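Undergrad: okay, sequence plus prediction incoming.
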Amino acid sequence: MRAGVALLVLACTAVLAAQAPRQVSLVVHNGTVVTMDGARRVIENGAVAVDGTDIVAVDTDDAIRKQFRGAETLDAGGQVIMPGLVNTHTHAPMVLFRGLADDLALQEWLNKYIFPAEAKLVSPEFVRVGTRLAVLEMIESGTTTFVDMYYFEEEIAKETKAAGLRGVLGQTVIQFPVADAKTAADGLARAEAFITQFKGDPLITPAVAPHAIDTLEGPTLKAARELSKKHAVPMLIHLAETRDEIQTARERFSTSPVAYLESLGVLGPGVLAAHGVWVNDADIAVLKSRGVGVSHNPESNMKLASGTAPVTGYLRAGVALGLGTDGAASNNDLDMFEAMRTASLLAKLQTVDPSVVPAATALDMATMGGARALGMEKQIGSLEPRKRADLIVVSMRSARQTPLYDPMSHLVYVTRGDDVLDTIVNGKVLMKDRKVLTLDADAVLKDARAMAVKVRAAVK
């Protein structure tokens, strides 16, 4: 008899345990969830359950409450819960050159102002101060993954990791002497050391970043690609950004920049090309066939009058197309919501067709599109179980966001970076209710202002 009672008690206990909500590390609830999954589901009164670094469930608030109990909870307060934004092209420390030289063509801007300023100023400390300012701005505006090309990239990686942001970071290789390498061979050696140092890191994906075809010789471009293949890491490169680059390719190689890289054998999966403005249909076909990702940087291209990338051509061909801000020296901010809006409106103006690059497409470019361009679509870019828990909560409370009929429309055509309330990367809350938790914002701004005094003195 006693044995029977004991078995009944055990059975009831097992049933109750099975029905009890599962303990997870974080639940973000009470929001409109814009998933950006394959069906582009929008879940009203939805929630996201996170355990450790991963999303474990995305569903209605009621369903999540029944299944999960969070050690920590974030109440989205009826706002939008969405994937973190993926910025596919930056030069993070160049925030310290923000507004230094405006209203100039790219080559004049680079050769008369930026390159000379970098020669005088760039150092590990400059890079650390600039990176802290950049990652603060990105956390505050909803970017959870960014792609970078600069010097002393190991310092950028350390500061990015300390702030909790995700980065695909490329050590720049360039033919002439720069702050961290006197020769291209030195740059390649630094790139390999950087890759070795950070390979396998949960937040940092190291990469090699040959600058461009007009600042590097063919053998160096080949060596950079071989290095990326050797370590199975990305290769980042500026490509077909300006008419001048097209002219250079024609004069030196009798072909287009894309065709030149193809002739060198450096195009392929894992290559991310920034800008891709001056390309034709044949070039687009090559990029698609080789599995090259492209970063569209509409604001920088407009400001420098570099041209307008054929976004509709890329999308029609099925090229993996992401969005980037470029460095804040040529944008002049790192706000991906502005990049989305600009990308959509510019494409409509370029094609004289208001239907192209609708809000859902622009939002895709800033989330899953960027993930695809990086070959990281299985890890980031949408809110789905088993993906990394990179998500943001965006306020829809302001006058300019009222009334709200379509969340995707508002996210692209209305929202700004400072509407972001909460930023979560790899399951860790980096910003809660507009307060950044992983950086001392006052100290970051103080250091940046002190460095700006040195910048101003150096460029007089």
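TA: In hand now; what should we look at?

Undergrad: for residue 23, which non-adjacent residue is closest in space?
TA: residue 69 (5.5 Å; C-beta to C-beta, 6 or more residues apart in numbering). All C-beta spots, glycine's among them, are computed from the backbone N, C-alpha and C.

Undergrad: surely the one you found meets residue 29?
TA: No: using C-beta atoms under 8 Å as the test, residue 69 is too far from residue 29 to be in contact (11.2 Å).

Undergrad: more neighbours: which of the two?
TA: A direct count of neighbours by other C-beta atoms under 10 Å for residue 69 and residue 29 places residue 29 higher, at 23 against 15.

Undergrad: what about the more buried one, distance to residue 391?
TA: Using C-beta to C-beta, to the nearest Å, residue 29 is found at 12 Å from residue 391.

Undergrad: okay, and the common contacts of these two?
TA: Residues touching both residue 29 and residue 391 (C-beta atoms under 8 Å, 6 or more residues apart in numbering): residue 48.

Undergrad: could you list the domains of the protein?
TA: 24-83+388-441, 85-373 (automatic domain parsing).

Undergrad: ok, longest strand in the protein?
TA: Identified as the longest strand of the chain according to DSSP state E is strand 22-34.

Undergrad: and the residue nearest the centre of the chain, which of the three is it?
TA: The residue lying closest to the centre of the chain (C-alpha atoms, centre = their mean) is residue 87, at 2.3 Å. Secondary structure, DSSP: H, G, I helix; E, B strand; the rest coil: residue 87 is strand.

Undergrad: excluding chain neighbours, give the residue nearest to it in space.
TA: Closest to residue 87 by C-beta to C-beta, 6+ apart is residue 146, at 4.2 Å.

Undergrad: over to that neighbour: give its phi and psi.
TA: Residue 146 adopts backbone torsions of phi -130, psi 150, taken as degrees, to the nearest 10.

Undergrad: that one and residue 408, how far apart?
TA: Counting by C-beta to C-beta - residue 146 and residue 408 are separated by 22 Å.

Undergrad: between those two, point out the one with more neighbours.
TA: Neighbour tally, residue 146 and residue 408, criterion other C-beta under 10 Å: the higher count belongs to residue 146, 27 against 20.

Undergrad: and the residue nearest to residue 23, how far from residue 433?
TA: From residue 69 over to residue 433 (counting by C-beta to C-beta), the distance is 22 Å.

Undergrad: residue 427 too?
TA: According to C-beta to C-beta, residue 427 stands 18 Å off from residue 433.

Undergrad: can you get me the start-to-end distance on stretch 71-88?
TA: 33 Å (C-alpha to C-alpha, to the nearest Å).

Undergrad: list the buried residues for that stretch?
TA: 74, 76, 79, 80, 81, 82, 83, 84, 85, 86, 87, 88 (16 or more other C-beta atoms under 10 Å).

Undergrad: what segments of the stretch 1-150 of the chain are helices?
TA: Ranges of helices in the stretch 1-150 of the chain, per DSSP state H, counting those that start in this stretch, are 2-19, 61-67, 106-108, 115-121, 124-140.

Undergrad: lowest average pLDDT across those helices?
TA: Here the lowest mean pLDDT among those goes to helix 2-19, at a mean of 50.

Undergrad: and the nearest residue to residue 358 once chain neighbours are set aside, how close does it get to residue 163?
TA: Of all residues not flanking residue 358 in the chain, residue 344 sits nearest, at 7.2 Å (C-beta to C-beta, 6+ apart). Separation of residue 344 from residue 163 (C-beta to C-beta): 29 Å.

Undergrad: same question, residue 21
TA: Applying C-beta to C-beta, the value for residue 21 to residue 163 is 32 Å.

Undergrad: more crowded one of those two?
TA: Neighbours were counted for residue 21 and for residue 163 using other C-beta under 10 Å; residue 163 has more, 23 against 14.

Undergrad: OK, contacts around that one?
TA: Neighbour list for residue 163: 132, 135, 136, 139, 430, 438, 439 [criterion: C-beta under 8 Å, 6+ apart].

Undergrad: quick one on the thing from earlier: tell me the mean pLDDT for the longest strand of the chain?
TA: Mean predicted lDDT for strand 22-34 stands at 98.

Undergrad: any idea how far it is from the chain center?
TA: 23 Å (C-alpha atoms, centre = their mean, to the nearest Å).

Undergrad: so which bits of that strand are buried?
TA: Counting neighbours by 16+ other C-beta under 10 Å, strand 22-34 gives 24, 25, 26, 27, 28, 29, 30, 31, 32, 33, 34 as buried.

Undergrad: check stretch 233-249 too.
TA: 233-243, 245-246, 248-249.

Undergrad: the residues you listed in strands, which ones?
TA: Per DSSP E, the buried residues of stretch 233-249 map to strands at 235, 236, 237, 238, 239.

Undergrad: closest one of the residues you listed to residue 330?
TA: Closest approach between these and residue 330, by C-beta to C-beta: residue 238, at 12.0 Å.

Undergrad: so who does that closest one touch?
TA: Contacts of residue 238 by C-beta under 8 Å, 6+ apart are 149, 211, 212, 273, 274, 275.

Undergrad: any idea how far residue 183 is from the fifth one?
TA: Between residue 274 and residue 183 the distance, using C-beta to C-beta, works out to 23 Å.

Undergrad: repeat for the second one
TA: Going from residue 211 to residue 183 by C-beta to C-beta gives 13 Å.

Undergrad: again, but for the last one
TA: As defined by C-beta to C-beta, residue 275 lies at a distance of 26 Å from residue 183.

Undergrad: ditto for residue 31
TA: Separation of residue 31 from residue 183 (C-beta to C-beta): 52 Å.

Undergrad: over to residue 286?
TA: Distance, residue 286 to residue 183, using C-beta to C-beta: 30 Å.

Undergrad: looking at these two, which is more packed in?
TA: residue 286 (18 against 15).

Undergrad: the host helix or strand of that one packs against which elements?
TA: In the assignment (DSSP states H and E), residue 286 maps to helix 281-289. If you count contacts as 3 or more C-beta pairs under 8 Å, 6 or more residues apart in numbering; DSSP states H and E, helix 281-289 packs onto helix 257-264, helix 311-317.

Undergrad: out of those helices, which gets nearest to residue 178?
TA: Nearest of the helices and strands packed on helix 281-289 to residue 178, taken as C-beta to C-beta: helix 257-264 at 21.6 Å.

Undergrad: what residues does that closest one touch?
TA: 213, 218, 221-222, 225, 237, 239-240, 245-246, 249, 253, 255, 267, 278-279, 282-283, 286-287, 290.

Undergrad: distance between that helix and the chain's centre?
TA: Centre-to-centre, helix 257-264 and its host chain are 26 Å apart (C-alpha atoms, centre = their mean).

Undergrad: that one: what's the following helix or strand?
TA: Next along the chain after helix 257-264, taking DSSP H and E as the criterion, comes strand 271-275.
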